[in-house]
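Asks: would you be able to build a 3D model of this:
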Amino acid sequence: MDRTEDKEKTYLFKKELEERRLEKEPESVNRKAEIILYLSKVKAKFPSLENIELSRADLCGVDFNGIDLDTANLNEALLIGADLSQAYLVNLNCRKANLGGANMFGSNIDGADLSGSNLAKVDFSEASLCGAILVGADIGARADFSETDFSGANLQGAIMKTGRFMNAVLEKTDLRGADLRLTEELRAEQIQCAIIDSKTMLPSYIKIQWNQDGTFECTE
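Replies: Alright, predicted model coming up:
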């Protein structure tokens, strides 16, 4: 296939992707996934995928660097090893998805719903997850949250397995019932800014002293 044919195929695929953007039928979702993987492979510039329906799509290894997926539906999608760095993922619906090993460095993920998702080895460093929902998410091993902003995020019941939290912002982050025992580089001053309860499990070096009014003091 010569360069002219490549350009024509890419143009037609982009047009079809935009036409099918909101279609929910499994056959259409699978077709959109095929197109996306092709465009990723040839490093074509994606059109805006705002509001696109990709639930249960297989997008493993796709290159979504810098993409606009505002309010897209990726519930139960496979995104293992995908590159979502520097992407605009505000209000993304990504419940029960598998993001194992994905790169989300520096992305805007504010207000996204990642409830129940597999986030093992995901790089969230320098990303913004303000107001995001990660209820019951399995953070898994080696996830990187260095300098991630979790302000106002909901991580109730999340399971953190050796995740890195260096300089992460936990201002009013809901950590009630979360298991943080194996996290790395988590400091008492970060927890002091968060919302916790008696079921929140912290690393052994962080101590909580509860006051009679329900407030707490966090020390190391």
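
Asks: contacts, neighbours, all on C-alpha from now
Replies: Will do.

Asks: quick one, helices of the chain?
Replies: 3-19, 26-41, 188-192 (DSSP state H).

Asks: could I get those in CSV, plus columns for mean neighbour count, distance to A120 and mean pLDDT?
Replies: Output for the helices of the chain, formatted as CSV (neighbours: other C-alpha atoms under 10 Å; distance: least, C-alpha to C-alpha, whole Å; pLDDT from 0 to 100):
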stretch, mean neighbour count, distance to A120, mean pLDDT
helix 3-19, 14, 30, 88
helix 26-41, 18, 22, 96
helix 188-192, 18, 22, 97
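
Asks: can you say which of those is nearest to C130?
Replies: helix 188-192 (15.1 Å; C-alpha to C-alpha).

Asks: distance from the closest one to the middle of the chain?
Replies: Mean-position distance between helix 188-192 and its chain equals 23 Å (C-alpha atoms, centre = their mean, to the nearest Å).

Asks: where does the protein dip in pLDDT?
Replies: The model of the chain has pLDDT under 70 over residues 1-5.

Asks: if we can go back for a sec, columns distance to A141 on top of the helices of the chain, output as TSV?
Replies: Below are the helices of the chain laid out as TSV (distance: least, C-alpha to C-alpha, whole Å):
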stretch	distance to A141
helix 3-19	35
helix 26-41	27
helix 188-192	21
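
Asks: out of those, the one nearest I208 is which?
Replies: Each of those has some distance to I208 by C-alpha to C-alpha; the shortest is helix 188-192, at 9.0 Å.

Asks: so which elements touch the closest one?
Replies: strand 216-219 (3 or more C-alpha pairs under 8 Å, 6 or more residues apart in numbering; DSSP states H and E).

Asks: got the buried residues for the strand it packs on?
Replies: C218 (16 or more other C-alpha atoms under 10 Å).

Asks: quick one: distance of it to the chain centre.
Replies: On C-alpha atoms, centre = their mean, the centre of strand 216-219 falls 29 Å from that of its chain.

Asks: give the partner strands of it in its sheet and their orientations.
Replies: With DSSP bridges as the test, strand 216-219 is paired with strand 207-210 (antiparallel).

Asks: residues contacting S198?
Replies: Applying C-alpha atoms under 8 Å, 6 or more residues apart in numbering, we find S198 in contact with 176-177.

Asks: what's the local residue count around G214?
Replies: By the criterion of other C-alpha atoms under 10 Å, G214 has 7 neighbours.
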